[in-house]
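Asker: This is the structure alone, sequence omitted:
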């Protein structure tokens, strides 16, 4: 999951909450993550006297994760809810860039941190051990590619049958995530989620660029027709209603404390519009933003079709060079908004 979360954190600003059912009136926030962490900790009610255990599921390279854990510890201290030094667990897949995370932990050295290398769609920790579970900008990544998407690489452009398959996989994954986090949470513990999603019209602002990615794949003549079919990105952005499943929460003894749909506006488009960055920088920044999850899907498609490692790296380099050129030639300067559903759940 390295760097995927940048799409929803490092290069995004100007957050606004959208009024929906179960939502409050629209307001402007600089940092919805901090606001929801505070609200979650306010609801925390752990009765035993042991040290708190806090886990971030989908920690990636660690930069955002460490910052988030420090915000949690700071507010726990302020609210007198910290019993000694907490134990922090950073979870991600075994192939994560753990070396980078360990380097950042050593440089920061402000808390005790451990690594947990397994899929967060599985049981990761012992039962009834967690005080606070957190996950940000990770749950749109499916546990597996449920099917190939014909004539495209991204679920938004899939046909009705393919979208239904992706939707079912997303539901299965979300159910698994909620089930295992509930088992791991202590009674009175909290789960704070930032789930990338679509707006009420089923839109997400980067659809134009996902379409451009597929056009670039089509233009890359070195790709075979089968490789083009196998190139499918295992992302699915839920709707608000798919994120708020009260029956599921109740089944696993979780109470919904708070939920909001939040709009995140892209900083890089605004910077380019106002002449703060040049076109080359805009194209390169956008490529860096889109590359991680997309590049992994491309490389997996090549591996399935028995391409050699040197070939895979060469094709990947060609692909992203082409994408940057296309971005320069096909500028799309409408607002690139992304959306996230923030949830706070409490274990009964």
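Answerer: That came in fine, so what should we check first? In this text the structure is predicted, and so the values were computed from the model without any measurement.
Asker: Please, where are all the strands along the stretch 151-300 of the chain?
Answerer: Assigned by DSSP state E, counting those that start in this stretch, the stretch 151-300 of the chain shows strands spanning 185-197, 254-266.
Asker: Out of the ones you listed, which is the most enclosed?
Answerer: strand 185-197 (a mean of 24; mean count of other C-beta atoms under 10 Å). Quick note: C-beta positions are derived from backbone N, CA and C, even for glycine.
Asker: so what does that one touch, helix or strand wise?
Answerer: helix 32-43, strand 130-136, helix 240-243, strand 254-266, strand 337-347 (3 or more C-beta pairs under 8 Å, 6 or more residues apart in numbering; DSSP states H and E).
Asker: Save the ones you listed as a markdown table, and put in distance to residue 166 and mean pLDDT too.
Answerer: A markdown table is the format used below for the helices and strands packed on strand 185-197 (distance: least, C-beta to C-beta, whole Å; pLDDT from 0 to 100):
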| stretch | distance to residue 166 | mean pLDDT |
| --- | --- | --- |
| helix 32-43 | 26 | 95 |
| strand 130-136 | 20 | 97 |
| helix 240-243 | 12 | 96 |
| strand 254-266 | 20 | 92 |
| strand 337-347 | 17 | 95 |
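Asker: Turn the ones you listed into a markdown table, columns for distance to residue 192.
Answerer: What follows is those, written out as a markdown table (distance: least, C-beta to C-beta, whole Å):
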| stretch | distance to residue 192 |
| --- | --- |
| helix 32-43 | 4 |
| strand 130-136 | 5 |
| helix 240-243 | 13 |
| strand 254-266 | 9 |
| strand 337-347 | 6 |
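Asker: which one of these has the most crowded surroundings?
Answerer: strand 130-136 (a mean of 26).
Asker: Outside of that strand itself, list whatever touches it.
Answerer: Residues outside strand 130-136 that contact it (C-beta atoms under 8 Å, 6 or more residues apart in numbering): 5, 8-9, 33, 37, 40-41, 44, 46, 52-58, 64, 68, 72, 86, 120, 177, 181, 184-186, 189-194.
Asker: partners of it in the sheet?
Answerer: Its sheet considered, strand 130-136 pairs with strand 53-57 (parallel), strand 185-197 (parallel) by DSSP bridges.
Asker: so can I have CSV of these showing mean pLDDT and distance to residue 220?
Answerer: Compiled in CSV, the strands paired with strand 130-136 are given as follows (pLDDT from 0 to 100; distance: least, C-beta to C-beta, whole Å):
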stretch, mean pLDDT, distance to residue 220
strand 53-57, 97, 35
strand 185-197, 97, 27
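Asker: Distance to residue 233 for those - can I get that in JSON lines?
Answerer: Below are these laid out as JSON lines (distance: least, C-beta to C-beta, whole Å):
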{"stretch": "strand 53-57", "distance to residue 233": "21"}
{"stretch": "strand 185-197", "distance to residue 233": "13"}
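Asker: just so I know, which of these lies nearest residue 221?
Answerer: Of all the strands paired with strand 130-136, strand 185-197 sits nearest to residue 221, with 33.0 Å by C-beta to C-beta.
Asker: quick one, the closest one and strand 254-266 angle?
Answerer: 30 degrees (axes from the mean of the first three to the mean of the last three C-alpha atoms, to 10 degrees).
Asker: and the angle for strand 185-197 with strand 337-347?
Answerer: Using the same axes, to 10 degrees: strand 185-197 against strand 337-347 is 170 degrees.
Asker: Check the model's average confidence along stretch 308-321 for me.
Answerer: For stretch 308-321, mean pLDDT is 97.
Asker: list the buried ones in it?
Answerer: Within stretch 308-321, the residues that qualify as buried by neighbour count (16 or more other C-beta atoms under 10 Å) are 312, 315-316, 319-320.
Asker: Might you list the low-confidence residue ranges for the stretch 101-250 of the chain?
Answerer: Of all residues in the stretch 101-250 of the chain, none has pLDDT under 70.
Asker: Show me where it has its helices.
Answerer: Assigned by DSSP state H, counting those that start in this stretch, the stretch 101-250 of the chain shows helices spanning 160-184, 207-219, 225-230, 240-243, 246-251.
Asker: Distance to residue 292 for those - can I get that in CSV?
Answerer: Shown next, in CSV, are the helices of the stretch 101-250 of the chain (distance: least, C-beta to C-beta, whole Å):
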stretch, distance to residue 292
helix 160-184, 19
helix 207-219, 12
helix 225-230, 19
helix 240-243, 23
helix 246-251, 29
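Asker: Tell me which of those approaches residue 342 most closely.
Answerer: helix 240-243 (9.2 Å).
Asker: what residues does that closest one touch?
Answerer: 20, 167, 170-171, 174, 193, 195, 197, 200, 259, 261, 341, 343.
Asker: gap between residue 152 and residue 214?
Answerer: Distance from residue 152 to residue 214, counting by C-beta to C-beta, to the nearest Å: 5 Å.
Asker: For the residue nearest in space to the middle of the chain, give me phi and psi.
Answerer: Centroid-nearest residue in the chain: residue 137, 2.0 Å away (criterion: C-alpha atoms, centre = their mean). Backbone geometry at residue 137, expressed as degrees, to the nearest 10, gives phi 50, psi 40.
Asker: all numbers from here: first residue = 712
Answerer: With the count now opening at 712, the last piece we talked about shows up as residue 848.
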